[in-house]
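*Asks:* generate coordinates for the sequence data below:
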Amino acid sequence: MRRSESVEVGAGSAGARHHGNRHGRSEPARRAVLSAADDLLVERGFAGVTMEGIAARAGVSKQTIYRWWRSKTEVLIDTYLDDAAQHLTPPDHGDLDRDLRAYLRRLARFLTKADSGAVFRALVGQAQHDADIAEAVRARCLDEQRARDRLPLERAVARGELAAELDLDIAVDELVGPLYYRVLVTGAPVGASFVDTLVDDFLARGRPARESSALGRSEAESLGHGVQDEGRRAEHTGTVAERAGDDAQRLVL
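*Replies:* Below is the predicted model:
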């Protein structure tokens with residue numbers, strides 16, 4: 001959740017305080033907590049985020065937060081999940097090429113520019129040396145994100161643009177794996193040109209079934225026309241040779 005998108009609910013002890021009720025969470029308070037956690041992580045890093053700090057920034061009591069979440073990790077995961085659901089739903093243009101380029105560019109911007117991308121990077125970093133965080137991230141974040149990553153490919157299979165036997169898990173790894181590797185490991189850029197290269201390479205390796213069929217028909221037709229042309233040229237050459245032979249015979253006679 002970007003800081004500019006924070007819910008106006010008051011900040012710190014001077015702001016309005018929000019309370020849940022016995023039927024569940026207060027939605028304005030929930031959003032305030034998620035926004036506060038998001039902002040604090042960007043400002044202070046994972047270690048600098050505390051439940052007390054979140055409560056103060058959100059204008060809620062610490063007891064209210066603990067009633068809803070057991071740890072700051074759970075708060076940050078919910079922050080990421082809310083924003084990912086809002087900003088990472090793959091578009092549907094009815095065309096695989098356009099869908100992949102639009103979605104992967106959106107994912108790259110989210111991971112590198114959005115505050116929630118910083119939250120995700122922090123959670124993945126902490127997961128490397130905290131088994132509980134690793135389990136929570138895998139259980140709550142990765143399955144949902146994996147489903148979003150697969151969606152453009154599933155739509156393409158349904159439209160007949162990709163072969164039904166295509167291994168979608170491997171295809172997803174080929175498309176999004178390089179993005180995550182650059183963002184989380186090398187720090188290399190993941191701009192539009194990089195995304196375009198990923199999509200171009202994927203489509204070149206696994207050309208959609210319908211396009212491959214059409215290309216095959218086109219190549220076969222071109223080959224057929226070429227054979228016919230060669231036949232006509234051979235026939236013409238034979239006729240010319242025959243006429244030349246007749247002329248030579250007349251000269252002899």
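*Asks:* which parts of the stretch 51-200 of the chain are helices?
*Replies:* 51-58, 62-68, 72-87, 96-113, 115-127, 131-137, 143-159, 168-181, 192-205 (DSSP state H, counting those that start in this stretch).
*Asks:* make TSV from these and add mean neighbour count and mean pLDDT to it.
*Replies:* C-betas here are computed from N, CA, C, even on glycine. Formatted as TSV, the entries for the helices of the stretch 51-200 of the chain read as follows, by neighbours: other CB atoms under 10 Å; pLDDT from 0 to 100:
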stretch	mean neighbour count	mean pLDDT
helix 51-58	21	97
helix 62-68	16	93
helix 72-87	20	96
helix 96-113	19	97
helix 115-127	21	96
helix 131-137	15	95
helix 143-159	17	96
helix 168-181	16	97
helix 192-205	14	96
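*Asks:* how about the ones you listed in TSV, adding distance to Arg30?
*Replies:* TSV is the format used below for the helices of the stretch 51-200 of the chain (distance: least, CB to CB, whole Å):
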stretch	distance to Arg30
helix 51-58	9
helix 62-68	7
helix 72-87	8
helix 96-113	21
helix 115-127	16
helix 131-137	19
helix 143-159	18
helix 168-181	29
helix 192-205	34
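*Asks:* of all the ones you listed, which lies closest to Gly45?
*Replies:* In this view, the helices of the stretch 51-200 of the chain are compared for proximity to Gly45 by CB to CB, and helix 115-127 is the closest at 7.1 Å.
*Asks:* quick one: the closest one to helix 72-87, angle?
*Replies:* With axes from the mean of the first three to the mean of the last three CA atoms, to 10 degrees defining the directions, helix 115-127 sits at 140 degrees from helix 72-87.
*Asks:* list the contacts for the nearest residue to Lys72 once chain neighbours are set aside?
*Replies:* Counting by CB to CB, 6 or more residues apart in numbering, Lys72 lies nearest to Val49, which is 5.2 Å off, once chain neighbours are set aside. Contacts here follow CB atoms under 8 Å, 6 or more residues apart in numbering; on that basis Val49 touches Ala37, Leu40, Leu41, Lys72, Leu76.
*Asks:* please report the distance of the fourth one from Ala136.
*Replies:* Read that as Lys72. Shown here: Lys72 relative to Ala136, a distance of 12 Å by CB to CB, to the nearest Å.
*Asks:* before we move on, what about the first one?
*Replies:* As judged by CB to CB, Ala37 and Ala136 stand 15 Å apart.
*Asks:* what's the answer for the second one, then?
*Replies:* Counting by CB to CB, the gap from Leu40 to Ala136 is 19 Å.
*Asks:* kindly report the same for Ala164.
*Replies:* Taking CB to CB as the measure, Ala164 falls 35 Å from Ala136.
*Asks:* ok, Arg57 next?
*Replies:* Remark: distance between Arg57 and Ala136 (CB to CB) = 23 Å.
*Asks:* now Thr73
*Replies:* Counting by CB to CB, the gap between Thr73 and Ala136 amounts to 6 Å.
*Asks:* which residue, other than its chain neighbours, is closest to Asp78?
*Replies:* Among residues not flanking Asp78 along the chain, Leu34 sits closest, at 6.0 Å (CB to CB, 6+ apart).
*Asks:* that neighbour touches Asp82, doesn't it?
*Replies:* Yes - counting by CB atoms under 8 Å, Asp82 is a contact partner of Leu34 at 6.0 Å.
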